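A.B. asks: Fold the following and give me the result.
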Amino acid sequence: MKALDKDRNRRYETANGLADDIDRYLRDDIVLASPPSWTYQLWKAVKQHRVASLSITAVSMSLLIGLVISLIAIGQVRAAQQVTEDARSVAEQKQREAEAAAREKEVQRQEAVRQRGNAVEAARNASQALNMVLGLLSKATLNPETGRPYTVQEALDDLVLDLENDTQMPPEAAAQLHLAIGKAFYLGPRSEQAKKHFEKVITLEDEASKPDDLAVAQARRYLGALERGPAELLRAAEIERRLRVDQELSKTLTWLGIVMHQLGKLDEAEKYLSEACLLFKPSDPTIPLEEIPFFSMVNLLRDRLQPEKADRYEVRAVSVAKELYGTDASMWMERAGSYRATCRYRAFEYTGLIALDLLGPDATDRELQDISNEFRWLGRFERANRCLMKAIEKNRTANRPDKVGWCLLLRARLRSDLHDYRGAEALLREAFVAYEQSQQHQMATPQMDVQFRSELSEALLALGRSDEAKRAEGRALAKYVAAEYQRLASEGVSVWMSGDDKIPLFASLLRSGQKVDPADILSVFEITNPDPREWDKPTAILMGLAWQQAGEYEQAISARETAAKKRTDIGLGAILCDYLEEMLLELYIQQGELDRAESFFTELIAARDEWLPEDQPNRAFTRILLARVLILRKANLDRAKTLLLEARKILEKHSMTPDEPKQEIAKLLNQIAQAGDDAGQLHQ
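C.D. replies: Coordinates of the predicted model:
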């Protein structure tokens, strides 16, 4: 078709062009001949229809131009609408911000008004409280009722009286004062008065419509600590959680852990103490030692037989205490005396741990002995024994057999406290070996000889209650000691540090079996008052022994009752006590005074529970004696069983407890069970 195309320009230019194209076709190459393209056909149509083509082109261009103009117009309209919308949004946002700022300003204004009102109220409350305190301080320096300077306790009593008579003080201010006074009594020996003030805080805050105030939580915490009951402590913890006061909550959880520990709920105790340890922050140097949770965790873990974990907590506890209160070991020793005088036995124990840590390997044997005595008083015999073992090691290294002997004597006293008189005898005989070595080194003194033999005679006489040979040896030793006291007195040499050897002299004479006229004792001590209740403990013990030997049993019982009720540093194991309560029980039985025995030992248990540390074994031994009385009377055997179980629980805390007290408890429990079986058979 290319050769015949009407368009000359589209035909082959020459015949050779056609031949070449045919040749390419035969070689399967691309040929030049092809159909007309669409652009060519379009161009041909336009040329054929020029008018129509121009019209269509004009209309198309008009439509295209109109479309472009429309699109541009629509874009401009939409842009204008967006600008308007943005402006409106900005205006609305500014309006909202203005309204929020106005509301915030109003809230701030109202808060400022409220704070101003609170400040005025607090100032008025503080002014009234301050006026009361200033009025108290402005009193005369002498108390007109006693003629002596005002004591702190008297000042507090007067403050309480003024507070009770003031009817104008707002409840919140009065509550704060009652809380402060309650804390002052709580940290001292007047816990019952403290309880009344804490209860008053709760009442006053209720009147002020503030039952969830922090003061209420603190009052409930101290009430729970005093009553050893979890109910008030749980309510205090609930308030503190709502108020989000973690440090106060830590204190409450610590007491919850202590109370649960005492109730035997060890899992719950560990849960509360663990949370308390996590919350506690060492930031308040006024916090009582008892409320540092790490110390309570140490005691719990030792009871749970987890010594390694307990040691880790003990390191943390001591570190926190040093951070809060300082690292002066002498200051801690002074604090110990204060805590002991106010019956704060937990704090007293913790000071011993801290002082021991601060002294470290440089502690002298005297310091170790002092700390050991602290632990002994608390009933922490294992810790006391470890301190004395360290002191013995130091003195052996320093080649001081005299001091080794003294430390062995102190270890023997630990055994006597637990009624382990065989263990005490063994240690005292070992002390005699050290004493003989000190004689060779010219370190021994006559006072040491007398002291060692006196203590050994006490242990032997205690064993002599069931062993006649021990009793005879003990009497012989006591006789020798009495003679030595008399010889040394004639030479003007004193044995006791107090310089008064008359007490151990009379004690040795009575222990040796020699008769002593009670009138001579009263004359030597220049005692004119015949009422045993007015005597001190050593005099009452001596008079009880003398009257018993003289056959004056009523007077002997009265004197021994007086001696037992008197507070003493250590208790049954102290020098001169001479198995005091055991001998008193024998007198009761001999005189047929079992009713009187029950009444007395009941009172004695209540008194000792109030002022003796929880783990002191004397509390256990007094319970055993009362149980024996009840069994002898065949009355109230359930109570006897409870007493024996309580005694066993106390003694089980001491790994050094000998088998004899445990065997006695088991024997008495069997008697109660047998009595119950007999009663059941009789009923049938």
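
A.B. asks: Tell me which residues touch Ala550, please.
C.D. replies: Ala550 sits next to Lys515, Asp517, Pro518 when contact means C-beta atoms under 8 Å, 6 or more residues apart in numbering. Every residue, glycine included, has its C-beta placed from N, CA and C.

A.B. asks: cutoff 10 Å now
C.D. replies: With contact taken as C-beta atoms under 10 Å, 6 or more residues apart in numbering, Ala550 is in contact with Lys515, Val516, Asp517, Pro518, Ala519, Ala556.

A.B. asks: Of those - the most surrounded one?
C.D. replies: Counting neighbours by other C-beta atoms under 10 Å, the top entry in the contacts of Ala550 is Ala556, with 25 neighbours.

A.B. asks: Neighbours of Asp267, how many?
C.D. replies: 8.

A.B. asks: quick one: it is in a helix?
C.D. replies: Yes - counting by DSSP: H, G, I helix; E, B strand; the rest coil, Asp267 falls inside a helix.

A.B. asks: re earlier: mind putting the contacts of Ala550 in TSV, secondary structure and distance to Arg242 included?
C.D. replies: Converted to TSV, these look like this (DSSP: H, G, I helix; E, B strand; the rest coil; distance: C-beta to C-beta, whole Å):
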residue	secondary structure	distance to Arg242
Lys515	coil	73
Val516	coil	69
Asp517	coil	72
Pro518	helix	67
Ala519	helix	70
Ala556	helix	62
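
A.B. asks: Nearest to Ser454 among those residues?
C.D. replies: Val516 (16.4 Å; C-beta to C-beta).

A.B. asks: Turn the contacts of Ala550 into CSV, including distance to Ile392.
C.D. replies: Shown next, in CSV, are the contacts of Ala550 (distance: C-beta to C-beta, whole Å):
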residue, distance to Ile392
Lys515, 40
Val516, 37
Asp517, 43
Pro518, 41
Ala519, 45
Ala556, 40
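
A.B. asks: Which member of the residues you listed is positioned nearest Leu585?
C.D. replies: Proximity of the contacts of Ala550 to Leu585 was ranked by C-beta to C-beta; the top entry is Ala556 with 12.6 Å.

A.B. asks: For the closest one, give me its contacts.
C.D. replies: Going by C-beta under 10 Å, 6+ apart, Ala556 touches 518, 532, 543-550, 583-584, 587, 590-591.

A.B. asks: among those, who's most crowded?
C.D. replies: Result: Gly544 is most packed of the contacts of Ala556 (other C-beta under 10 Å), 29 neighbours.

A.B. asks: I figured that residue hits Lys566, correct?
C.D. replies: No - contact criterion C-beta atoms under 10 Å: Gly544 and Lys566 do not qualify, at 11.8 Å.

A.B. asks: quick revisit: nearest to Val320, out of the contacts of Ala556: which one, please.
C.D. replies: Distance to Val320 across those (C-beta to C-beta) is lowest for Leu584, with 45.5 Å.

A.B. asks: Give me the nearest residue to the closest one, chain neighbours excluded.
C.D. replies: Closest residue to Leu584 apart from its sequence neighbours, by C-beta to C-beta, 6 or more residues apart in numbering: Arg560 at 4.3 Å.

A.B. asks: Locate that neighbour within the secondary structure: which element?
C.D. replies: If you go by DSSP states H and E, Arg560 is part of helix 553-565.

A.B. asks: Can you give the distance of that helix from its chain's centre?
C.D. replies: 39 Å (C-alpha atoms, centre = their mean, to the nearest Å).

A.B. asks: who does the helix or strand that comes right after that helix touch, helix- and strand-wise?
C.D. replies: Scanning forward in sequence from helix 553-565 by DSSP H and E, the next helix or strand is helix 580-590. With contacts defined as 3 or more C-beta pairs under 10 Å, 6 or more residues apart in numbering; DSSP states H and E, helix 580-590 has these neighbours: helix 537-549, helix 553-565, helix 594-611, helix 617-633.

A.B. asks: could you dump those helices to a markdown table with mean pLDDT?
C.D. replies: Formatted as a markdown table, those follow (pLDDT from 0 to 100):
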| stretch | mean pLDDT |
| --- | --- |
| helix 537-549 | 79 |
| helix 553-565 | 81 |
| helix 594-611 | 87 |
| helix 617-633 | 90 |
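
A.B. asks: nearest to Leu223, of these?
C.D. replies: Counting by C-beta to C-beta, Leu223 lies closest to helix 594-611 out of the helices and strands packed on helix 580-590; the figure is 17.6 Å.

A.B. asks: elements contacting that closest one?
C.D. replies: Short answer (3+ C-beta pairs under 10 Å, 6+ apart): helix 594-611 packs on helix 553-565, helix 580-590, helix 617-633, helix 637-651.

A.B. asks: do that again at 7 Å, thanks
C.D. replies: For helix 594-611, the contact count by 3 or more C-beta pairs under 7 Å, 6 or more residues apart in numbering; DSSP states H and E identifies helix 553-565, helix 580-590, helix 617-633 as packing neighbours.

A.B. asks: out of the ones you listed, nearest to Glu248?
C.D. replies: Of those, the one closest to Glu248 (C-beta to C-beta) turns out to be helix 617-633, at 32.6 Å.

A.B. asks: What lies in contact with that closest one?
C.D. replies: Here helix 617-633 makes contact (C-beta atoms under 7 Å, 6 or more residues apart in numbering) with 379, 417-419, 571-572, 581, 585, 594, 597-598, 601-602, 604-605, 608-609, 612, 636-637, 639-640, 643-644, 646-647, 650-651, 654, 664-665, 668, 671-672.

A.B. asks: Now list the buried members of those.
C.D. replies: The neighbour count (16 or more other C-beta atoms under 10 Å) marks 379, 417-419, 571-572, 581, 585, 594, 597-598, 601-602, 604-605, 608, 612, 637, 640, 643-644, 646-647, 650-651, 654, 664-665, 668, 671-672 as buried among the contacts of helix 617-633.

A.B. asks: if we can go back for a sec, and the helix holding Arg560, what's buried?
C.D. replies: Gln555, Ala556, Ile557, Ser558, Ala559, Arg560, Glu561, Thr562, Ala563, Ala564.

A.B. asks: Asp23: which of the helices and strands packed on helix 580-590 is closest?
C.D. replies: Across these, closest to Asp23 is helix 617-633 (C-beta to C-beta), at 132.7 Å.

A.B. asks: ok, back up a step: tell me the one among the buried residues of helix 553-565 nearest to Gly66.
C.D. replies: Looking across the buried residues of helix 553-565 and measuring by C-beta to C-beta, the closest to Gly66 is Ala564, at 123.1 Å.

A.B. asks: any idea how far Gln590 is from Glu554?
C.D. replies: Gln590 sits 11 Å away from Glu554, going by C-beta to C-beta, to the nearest Å.

A.B. asks: Alright, I will stop here.
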